[in-house]
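> Sequence below, structure please.
(chains A and B)
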Amino acid sequence: MASVTIQAVKKRFGATDILHGVDISIADGSFTVLVGPSGCGKSTLLRMIAGLEEITDGEIRIGDKRVNDLPPKERDIAMVFQNYALYPHMTVRDNMAFSLMLAKEDQATIDSKVGRAAEILALGALLDRYPRQLSGGQRQRVAMGRAIVRDPQVFLFDEPLSNLDAKLRVAMRSEIKELHQRLKTTSIYVTHDQIEAMTMGDKIVVMRDGRIEQTGSPLDLYDHPANQFVAGFIGSPSMNFLPGTLRRSGDALRVELSDGTQLDAPQQVGGMDGQPIIFGTRPEHLRLVSSDGARGAIPSRVVVMEPSGMDTFVACRHEGVDLAAIFRERHDFAPGSTIHLQPDMSCAHLFHAETGQRLAA
Amino acid sequence: MFDKLQNSRNALGLIFMMPAAILLVLFLTYPLGLGVWLGFTDAKVGRAGEWVGFENYVFLATDSVTQLALFNTLFYTTIASVLKFFLGLWLALLLNRNLRLKSFFRAVILLPYIVPTALSAIAFWWLFDAQFSVISWVLVKMGIIDTYIDFLGSPWNARFSVIAANVWRGVPFVAITLLAGLQTISPSYYEASAIDGATPWQQFRYVTLPLLTPIIAVVMTFSVLFTFTDFQLIYVITRGGPLNATHLMATLSFQRAISGGALGEGAAISIAMVPFLLAAIMFSYFGLQRRVWQQGGGDK
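Here you go, the predicted model:
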């Protein structure tokens, strides 16, 4: 096992900059998730760690070793590909044994290592099958088995669950997490799915357009997003954003929405009186209040109701802006009716209207 | 009745099949059947033959020219196919890399294939000419040889010369088909094997070659069939000479049947090729048939 240090790493394809100087330090034994919309450079960064892409500028270290110029096989890493990349003409056993055979391990060692990996992943009965004869989830496990037998310093996962159906994805998610808890090998996991990132990572790196937007623990990102992008990206259903104005009178700080609704902002943040801001509140932080003059409530027109049994999702519109709310209780609002939603201001997020950055305290 | 016909899937299927079936019967089954029948007769040009049983085949088995033609055909097919395979594979691997002007080179590679065989054969005839050969001229000017090479005058020279022409003409088919096969191999196998620690040679040995085997089987079967039945090149360049040294079964059959008028004997020579062609197909079918890993069998 080893830590991974990424310092000022840049990637350029011809005239196109893919990564504009990325710094990440990944602790030994941690599970780090790189997440972001497609095209943000997360897969490219992972492939640079693997040695499949050249590093244009900057430095990547695995443990104490600078690996910029090392070929993949000398980096002591293992990678699980999105399409698994299992060799179709080899059995499950041969797929897992391939790297050991190339390393000229003796047959007894190969058998014991493959056997151990097969046991960990419950692949024992499938060792003599070909990849074509396996289901998606089984292929996924073989791909992980191929990584495990090498006993690498670092596991790299490139969107390994995106080819699976929703149910299997949830199951494999916990399987990978359990595997990590058992093996404690440093893992770097790329996904575009923020739920995967939240549920699996010790640490999440949110990327956009070749830059890091924020790095932190899952709940840290959820509770204290550094900017509007992270706030909107992390969490499902995503955070509501309403344009407003900051009102400061003495010590009191208020947010005034475009229709004149006044909301008390309890926490002290920077920003001038009259400054335009984006007010963010998560769907679960909206409370239903009675209509008669509730202070700090947002009048909203119900568009769609989506009861899921466990909770009720209500899509509304306020002044032309979509607003989502989630209630633990069961409600039955008529579409088109108006309800009043009061945001929990202790969990409110205020962002600069132009830069999208969180307003500093 | 017409309405009923229109609504019957089977009847419609039969009708749509007819044009193809008629063409196949007219231009494939009938000539083949006629050939088989002629092989058992003593038909000559202008005289319908009489049934003679296996007389033609018995005669051919002892005929030294036919024996030589059989040897030539096997030699020609073996050497040319092996050369075409290795050259074609090499070219395909080369073209599969990210070369500059890749599409230009791919187009150039195809040129020998699209030039009419008879025309390229004439060009080779000139290249191999005893007096005007450019090859000889260049080699003499470079001081490598003193006298012009008699490409088509001596048996072994002639054999290798026509093999060279056949390889030149046949390589594009092999190269382009293998290139298509190479492009179906997902790059992620190479990335996975690079991480697994494979050297370029090991990647070729353990990834490229096994995944290319099905395509190789198909392309080489076709290549062997085409080469075994080759006619045009030989007929234009040597007409089977010198001393029948380059006669193939196909050219000998033509010479005996059309030029010589012995239709029955010529047909028998042609039919005698069938077992060899069947053997080639069987070899490819059983020896290189689809492996378990290629066979269907979806998710379980």
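> Could you tell me which residues within the helix or strand hosting A:T199 count as buried?
Counting by DSSP states H and E, the element that carries A:T199 is helix A:194-200. Using 16 or more other CB atoms under 10 Å in any protein chain shown as the test for burial, helix A:194-200 gives A:194, A:196-198, A:200. (Each C-beta comes from the backbone N, C-alpha and C, glycine too.)
> what's the single longest helix in chain A?
helix A:166-183 (DSSP state H).
> Now that one - C-alpha only, PDB.
Taking Å, rounded to 0.1, in the frame of the first residue of the first chain, the C-alpha atoms of helix A:166-183 are listed here in PDB:
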ATOM      1  CA  ALA A 166     -29.500  -0.100 -11.100                       C
ATOM      2  CA  LYS A 167     -30.100  -2.900  -8.600                       C
ATOM      3  CA  LEU A 168     -26.800  -4.600  -9.300                       C
ATOM      4  CA  ARG A 169     -25.000  -1.300  -9.100                       C
ATOM      5  CA  VAL A 170     -26.200  -0.800  -5.500                       C
ATOM      6  CA  ALA A 171     -25.100  -4.300  -4.600                       C
ATOM      7  CA  MET A 172     -21.700  -4.000  -6.200                       C
ATOM      8  CA  ARG A 173     -21.200  -0.600  -4.500                       C
ATOM      9  CA  SER A 174     -21.300  -2.200  -1.100                       C
ATOM     10  CA  GLU A 175     -19.200  -5.100  -2.400                       C
ATOM     11  CA  ILE A 176     -16.400  -2.800  -3.500                       C
ATOM     12  CA  LYS A 177     -16.600  -0.900  -0.300                       C
ATOM     13  CA  GLU A 178     -16.500  -4.100   1.800                       C
ATOM     14  CA  LEU A 179     -13.500  -5.300  -0.300                       C
ATOM     15  CA  HIS A 180     -11.700  -2.100   0.500                       C
ATOM     16  CA  GLN A 181     -12.400  -2.400   4.200                       C
ATOM     17  CA  ARG A 182     -11.000  -5.900   4.100                       C
ATOM     18  CA  LEU A 183      -7.900  -5.300   2.000                       C
END
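> Specify the next element, helix or strand, located C-terminal of it.
In N-to-C order, the element after helix A:166-183 by DSSP H and E is strand A:186-191.
> quick check, distance from that following strand to the centre of its chain.
Distance of strand A:186-191 from the chain centroid (CA atoms, centre = their mean, to the nearest Å) equals 10 Å.
> Would you agree A:V114 is in contact with A:F98?
No - if you go by CB atoms under 8 Å, A:V114 and A:F98 don't touch, sitting 10.1 Å apart.
> Mind giving me the packing neighbours of the helix holding A:T199?
strand A:31-35, helix A:166-183, strand A:186-191, helix A:218-223 (3 or more CB pairs under 8 Å, 6 or more residues apart in numbering or on different chains; DSSP states H and E).
> Indicate which one of the ones you listed is closest to chain B.
helix A:166-183 (11.1 Å; CB to the nearest CB).
> which parts of the stretch 1-150 of chain A sit against chain B?
A:50-52, A:71-73, A:77-79, A:81, A:83, A:85, A:87-90, A:98-99, A:102-103, A:130-136, A:146, A:150 (CB under 8 Å from any CB of the partner chain).
> Weed out the non-buried ones from the residues you listed.
Using 16+ other CB under 10 Å, the buried members of these are A:50-52, A:72-73, A:77-79, A:81, A:83, A:85, A:87-90, A:98-99, A:102, A:130-134, A:136, A:146, A:150.
> Return the subset of these lying in helices.
Filtering these for helices - DSSP H - leaves A:50, A:98-99, A:102, A:136, A:146.
> Low-confidence stretches in the stretch 151-300 of chain A?
A:266-267, A:292-294 (pLDDT under 70).
> please redo it, this time with the cut-off set to 80
Low-confidence segments of the stretch 151-300 of chain A (pLDDT under 80): A:250-251, A:265-271, A:291-295.
> can you map out the strands along it?
A:154-158, A:186-191, A:203-208, A:211-216, A:240-249, A:252-257, A:262-264, A:276-281, A:286-289, A:298-307 (DSSP state E, counting those that start in this stretch).
> Pull the contacting residues for A:R75.
Residues in contact with A:R75 (CB atoms under 8 Å, 6 or more residues apart in numbering or on different chains) are A:49-51, A:62, A:67, A:153-154.
> which residues sit against the helix or strand hosting B:V274?
Element membership for B:V274 (DSSP H and E) is helix B:263-282. When contacts are defined by CB under 8 Å, 6+ apart, helix B:263-282 is touched by residues B:34-45, B:49, B:52, B:56-57, B:59-60, B:66, B:69, B:73-74, B:221, B:224-225, B:228-229, B:249-250, B:252-258, B:260.
> just how off-centre is it within its chain?
15 Å.
> what does the domain assignment say about chain B?
B:1-31, B:55-296 (automatic domain parsing).
> Now render those as JSON lines, adding mean neighbour count and mean pLDDT.
Shown next, in JSON lines, are those (neighbours: other CB atoms under 10 Å in any protein chain shown; pLDDT from 0 to 100):
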{"stretch": "domain B:1-31", "mean neighbour count": "10", "mean pLDDT": "86"}
{"stretch": "domain B:55-296", "mean neighbour count": "17", "mean pLDDT": "89"}
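> quick one, the biggest helix by length in chain B and helix B:263-282 angle?
Identified as the longest helix of chain B according to DSSP H is helix B:64-95. Interaxial angle, helix B:64-95 versus helix B:263-282 (axes from the mean of the first three to the mean of the last three CA atoms, to 10 degrees): 40 degrees.
> elements contacting helix B:64-95?
helix B:102-114, helix B:155-183, helix B:209-228, helix B:249-254, helix B:263-282.
> Now with 10 Å, please.
For helix B:64-95, the packing partners by 3 or more CB pairs under 10 Å, 6 or more residues apart in numbering or on different chains; DSSP states H and E come out as helix B:55-62, helix B:102-114, helix B:155-183, helix B:209-228, helix B:232-237, helix B:249-254, helix B:263-282.
> Dump the C-alpha coordinates for the fourth one into PDB.
Output for helix B:209-228, consisting of C-alpha atoms alone and laid out as PDB, is shown next (Å, rounded to 0.1, in the frame of the first residue of the first chain):
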ATOM      1  CA  LEU B 209      -3.100 -13.300 -32.200                       C
ATOM      2  CA  PRO B 210      -5.800 -15.200 -30.300                       C
ATOM      3  CA  LEU B 211      -8.400 -12.500 -30.900                       C
ATOM      4  CA  LEU B 212      -7.400 -12.300 -34.600                       C
ATOM      5  CA  THR B 213      -7.600 -16.100 -35.200                       C
ATOM      6  CA  PRO B 214     -11.200 -16.200 -36.400                       C
ATOM      7  CA  ILE B 215     -10.500 -13.600 -39.000                       C
ATOM      8  CA  ILE B 216      -7.200 -15.300 -40.000                       C
ATOM      9  CA  ALA B 217      -9.100 -18.500 -40.500                       C
ATOM     10  CA  VAL B 218     -11.600 -17.000 -42.800                       C
ATOM     11  CA  VAL B 219      -9.200 -14.800 -44.800                       C
ATOM     12  CA  MET B 220      -6.700 -17.600 -45.300                       C
ATOM     13  CA  THR B 221      -9.300 -20.100 -46.400                       C
ATOM     14  CA  PHE B 222     -10.400 -17.700 -49.000                       C
ATOM     15  CA  SER B 223      -6.800 -16.900 -49.900                       C
ATOM     16  CA  VAL B 224      -6.000 -20.600 -50.400                       C
ATOM     17  CA  LEU B 225      -9.100 -21.100 -52.500                       C
ATOM     18  CA  PHE B 226      -8.300 -18.200 -54.700                       C
ATOM     19  CA  THR B 227      -4.700 -19.200 -55.100                       C
ATOM     20  CA  PHE B 228      -5.400 -22.900 -55.800                       C
END
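> circling back to that earlier point, what's the most distant pair in the ones in helices among the buried ones among the residues of the stretch 1-150 of chain A next to chain B?
A:L102 and A:G136 (26.9 Å; CB to CB).
> List the contacts of the closest residue to A:G356 other than its chain neighbours.
Spatial nearest neighbour of A:G356, excluding adjacent residues (CB to CB, 6 or more residues apart in numbering or on different chains): A:Q228 at 3.8 Å. A:Q228 makes contacts with A:213, A:239, A:241, A:278, A:280, A:349, A:351-353, A:355-358, as judged by CB atoms under 10 Å, 6 or more residues apart in numbering or on different chains.
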